[in-house]
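K.L.:
I would like to see how this sequence folds:
(4 chains)
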Protein chains: 2
Amino acid sequence: MTRRAGRPRRSEIDILEYQAKIGKHALEIYRVEGFGAVSMRRLAKEVGCSPMTIYAHFEGKTDILRYLWADVLSDMSDEIQKRLKFSAAPIERLQLAAQTFVAYWTDHPDQYRLVFMSNDVNRADVSTFISDEKTLAHFSMFSDLIREVLPNEPDVQVRTDTLISGMIGIALCMNTIPDYPWVDVTLMTERLLTSVIA
Amino acid sequence: MTRRAGRPRRSEIDILEYQAKIGKHALEIYRVEGFGAVSMRRLAKEVGCSPMTIYAHFEGKTDILRYLWADVLSDMSDEIQKRLKFSAAPIERLQLAAQTFVAYWTDHPDQYRLVFMSNDVNRADVSTFISDEKTLAHFSMFSDLIREVLPNEPDVQVRTDTLISGMIGIALCMNTIPDYPWVDVTLMTERLLTSVIA
DNA sequence: TATTAATATGGAACGCGTGCCAAGTATTTT
DNA sequence: AAAATACTTGGCACGCGTTCCATATTAATA
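P.N.:
The predicted model follows:
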C-alpha cells in the first residue's frame, strides 16, 4: 500500500499517550475535588486543550471515567489485603475478603457509582485498557481465595463470578434502594458465600 | 391551633393527586417514546404546567421516575408468572422464577437502569409511594417461592434478600461490565440459588 | 514550494437538570 | 373590601455532555 499525500494518522502510541495524559488529569481532579468536578470542559482546561480535542481521543465521558477505575479498585484491594493479614484459615480469609469488599462499596457510594454505574453503552472494542487488565487482576484475587478453600474443585469460575456479581448486587441494593427493608448486609454476604463453598 | 389568614396549604390528597397526574404523564411518554423522551421540560409541557410547578411537587427527576417502577416491575412479574404455569415442583418453580428474573433485566437494560440505577441520593422520607408497596409485593413473591422449597425454615428473609440482590447484581454486571469475561448467566443464577436452598 | 490529507481549535448551538426571583393568581381570614 | 398567605408562572441563569462547522495548523507527498 502506497502512502498518500497529507498529514499521516496519529500513531497508536501517540493516541495512547494522549489518552493517558487526559486520564491522569481526570484522576487528579477527582482526587482533589471529587467526581462532581470532573467535567469535559473542566478537564479540557486542565489538560490545556479544547474540549473538542478530548472527543477526538475518547468516545465520551464514560470512556474517560474508566481511567479512574484502576485507582478506585486498587484502593479497595488494598483495604482487603490489609485485613487479610490478620487471618490465616482459608474460609475465614474468604469471608473476610467478601465482607470487606461489600463494606467498601456500601461505605463509598461515589466510588461504587463510578465503577459500576457508568450508564452509557460501552463498546467492547479492540483496545483493551490497562485498567481492564487490573480489573481482571483484582477479581482474580477472589478466585484464588476460593481455590484455597476448595483445592479439589477444578472449575471455580462460576463460583467466582457468582460471588463477585452477588456482592456487587448487594452493594447496589444498599445504595439505590434504601427504602426497602433489607436484612443486615453481613448476613446477606454470609449467605451468599454458602453458594460458593457448597 | 388557630388558623391564620391567607391561602391554606395544599391538602395531602391534592398533592398526591397532582403527583399521580404527573406520574401518569411520565408513564405515557415513557411507553410511547422511551426513557430518553422523559425530561422535565417535556413532562411539564405534557402535563400543562410550568417546569417549576413539577419541582414544587417532586424533589427531582429521580423522584418522578419512581412512578415508572411499578409499571416495569409488574411487566417483569407478569413474565415470571406466565412461565411459572408450566412448572409445578417447588424447586423448579424457584429456579424458573430466578432465571426469568435475571433474563428480564439482561434483556431490558433500559428498564434495569430505570429501576436500579437511579443515581441520586433518595431520601427515605415519610411518604410511602404506591410503587414501593408494589415493589415489596413483587419481591415477596420470591420469599413465597423459597418457603415452598423450605417449608420448615422459619426465617427466609436473609435467603430472599440475598437472592434478590444477587440476581440484581448479575444483571448489573452484564449491563455495565460487558468487557469482563463473565461465565454464562444461567450458570451464575443456578449457583446463586444453591445459597438459597442450602 | 505547492498540494493534500489528518488533526486541532474556537465558537455556537441543542437539550438537559436545576436553582433563583420577581410578578401574578388564588383562597382564606380579618 | 382588604389584608395575608400559599401557590403558580415565566424568564433568566448556570453548568453539564455532546454535536456541528468553519477555520487554522501540522506534516507528509508531489
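
K.L.:
just give me the neighbour total for A:F35.
P.N.:
Neighbour count for A:F35, taken as other CB atoms under 10 Å in any protein chain shown: 15. Heads up, the C-betas are built off the backbone N, CA and C, glycines and all.

K.L.:
my guess is it contacts A:P109. True?
P.N.:
No - using CB atoms under 8 Å, A:F35 is not in contact with A:P109, being 10.6 Å away.

K.L.:
in chain A, what residue is nearest DNA strand C?
P.N.:
In chain A, the residue that lies nearest DNA strand C is A:G6 (2.1 Å; CB to the nearest atom of the strand).

K.L.:
how about the helices in chain A?
P.N.:
With DSSP state H, the ranges of helices along chain A come out as A:12-33, A:40-47, A:51-57, A:61-84, A:90-107, A:109-116, A:130-149, A:157-176, A:185-197.

K.L.:
buried sites along the fifth one?
P.N.:
Right, helix A:90-107. A:93-106 (16 or more other CB atoms under 10 Å in any protein chain shown).

K.L.:
how is chain A carved up into domains?
P.N.:
Per the record's domain assignment (automatic domain parsing), chain A is made up of the domains A:11-58, A:68-119+A:127-197.

K.L.:
indicate which one of those is closest to chain B.
P.N.:
domain A:68-119+A:127-197 (1.8 Å; CB to the nearest CB).

K.L.:
can you tell if the closest one touches DNA strand D?
P.N.:
No - figure legend: domain A:68-119+A:127-197 not in contact with DNA strand D (CB under 7 Å from any atom of the strand); closest approach 9.6 Å.

K.L.:
wait, does that domain contact DNA strand C?
P.N.:
No - for domain A:68-119+A:127-197, no contact with DNA strand C is found by CB under 7 Å from any atom of the strand; the gap never falls below 12.9 Å.

K.L.:
endpoint to endpoint, that domain covers what distance?
P.N.:
One end of domain A:68-119+A:127-197 to the other measures 33 Å (CA to CA, to the nearest Å).

K.L.:
and it, how far from the chain's centre?
P.N.:
In this view, domain A:68-119+A:127-197 has its centroid 11 Å away from the chain centroid, taken as CA atoms, centre = their mean, to the nearest Å.

K.L.:
was I right to think A:M117 contacts B:M117?
P.N.:
Yes - counting by CB under 8 Å, A:M117 does reach B:M117; the two are 5.4 Å apart.

K.L.:
give me the angle between the lowest-mean-pLDDT helix or strand in chain A and helix A:157-176.
P.N.:
Taking mean pLDDT, DSSP states H and E as the measure, the helix or strand of chain A with the lowest value is helix A:130-149, at a mean of 83. Angle of helix A:130-149 versus helix A:157-176, following axes from the mean of the first three to the mean of the last three CA atoms, to 10 degrees, is 120 degrees.

K.L.:
what residues sit buried inside helix A:130-149?
P.N.:
A:131-132, A:134-135, A:138-139, A:141-143, A:145-147, A:149.

K.L.:
likewise for stretch A:23-37?
P.N.:
Going by neighbour count (16+ other CB under 10 Å), the buried part of stretch A:23-37 is A:G23, A:H25, A:A26, A:L27, A:I29, A:Y30.

K.L.:
show me what contacts A:V115?
P.N.:
By CB atoms under 8 Å, 6 or more residues apart in numbering or on different chains, the residues touching A:V115 are A:W69, A:V72, A:L73.

K.L.:
switch the cut-off to 10 Å
P.N.:
A:65-66, A:68-73, A:76, A:105, A:108, A:131, A:135, A:168, B:176-177 (CB atoms under 10 Å, 6 or more residues apart in numbering or on different chains).

K.L.:
where's the dip in pLDDT among those?
P.N.:
Least confident of the contacts of A:V115 in the model: A:S131, at 52.

K.L.:
quick check: nearest residue in space to A:L163, chain neighbours excluded?
P.N.:
Counting by CB to CB, 6 or more residues apart in numbering or on different chains, A:L163 lies nearest to A:V196, which is 5.0 Å off, once chain neighbours are set aside.

K.L.:
now do A:G23
P.N.:
Spatially, and ignoring its direct neighbours in sequence, A:G23 is nearest to A:Y67 (3.1 Å; CB to CB, 6+ apart).

K.L.:
that neighbour: neighbour count?
P.N.:
Neighbour number of A:Y67 under other CB under 10 Å is 21.

K.L.:
again with A:R4
P.N.:
6.

K.L.:
look at it and report its pLDDT.
P.N.:
So, for A:R4, pLDDT stands at 71.

K.L.:
before we move on, the earlier item: quick check: the residue nearest to A:G23 touching A:A26?
P.N.:
Yes - using CB atoms under 10 Å, A:Y67 is in contact with A:A26, at 5.8 Å.

K.L.:
what sits in contact with each of the two?
P.N.:
With CB under 10 Å, 6+ apart as the test, A:Y67 and A:A26 both reach A:F58.

K.L.:
related to what we said a few turns ago, quick one: closest of the helices of chain A to B:D14.
P.N.:
helix A:157-176 (29.8 Å; CB to CB).

K.L.:
report the buried residues of that closest one.
P.N.:
Those would be A:158-176, for helix A:157-176 by 16+ other CB under 10 Å.

K.L.:
give me the helices and strands touching that helix, please.
P.N.:
helix A:90-107, helix A:109-116, helix A:130-149, helix A:185-197, helix B:109-116, helix B:157-176, helix B:185-197 (3 or more CB pairs under 10 Å, 6 or more residues apart in numbering or on different chains; DSSP states H and E).

K.L.:
only C-alpha atoms, please: export that helix in PDB.
P.N.:
Extracted C-alpha coordinates of helix A:157-176, given in PDB (Å, rounded to 0.1, in the frame of the first residue of the first chain):
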ATOM      1  CA  GLN A 157     -15.000 -19.600  37.600                       C
ATOM      2  CA  VAL A 158     -18.700 -19.900  38.100                       C
ATOM      3  CA  ARG A 159     -18.300 -19.600  41.800                       C
ATOM      4  CA  THR A 160     -16.000 -16.600  41.500                       C
ATOM      5  CA  ASP A 161     -18.300 -14.700  39.100                       C
ATOM      6  CA  THR A 162     -21.400 -15.500  41.100                       C
ATOM      7  CA  LEU A 163     -19.700 -14.300  44.300                       C
ATOM      8  CA  ILE A 164     -18.400 -11.100  42.600                       C
ATOM      9  CA  SER A 165     -21.700 -10.200  40.900                       C
ATOM     10  CA  GLY A 166     -23.600 -11.100  44.100                       C
ATOM     11  CA  MET A 167     -21.500  -8.800  46.200                       C
ATOM     12  CA  ILE A 168     -21.800  -6.000  43.700                       C
ATOM     13  CA  GLY A 169     -25.500  -6.600  43.700                       C
ATOM     14  CA  ILE A 170     -25.800  -6.300  47.500                       C
ATOM     15  CA  ALA A 171     -23.900  -3.100  47.400                       C
ATOM     16  CA  LEU A 172     -26.100  -1.800  44.600                       C
ATOM     17  CA  CYS A 173     -29.300  -2.600  46.500                       C
ATOM     18  CA  MET A 174     -28.000  -0.800  49.600                       C
ATOM     19  CA  ASN A 175     -27.000   2.200  47.500                       C
ATOM     20  CA  THR A 176     -30.100   2.600  45.300                       C
END
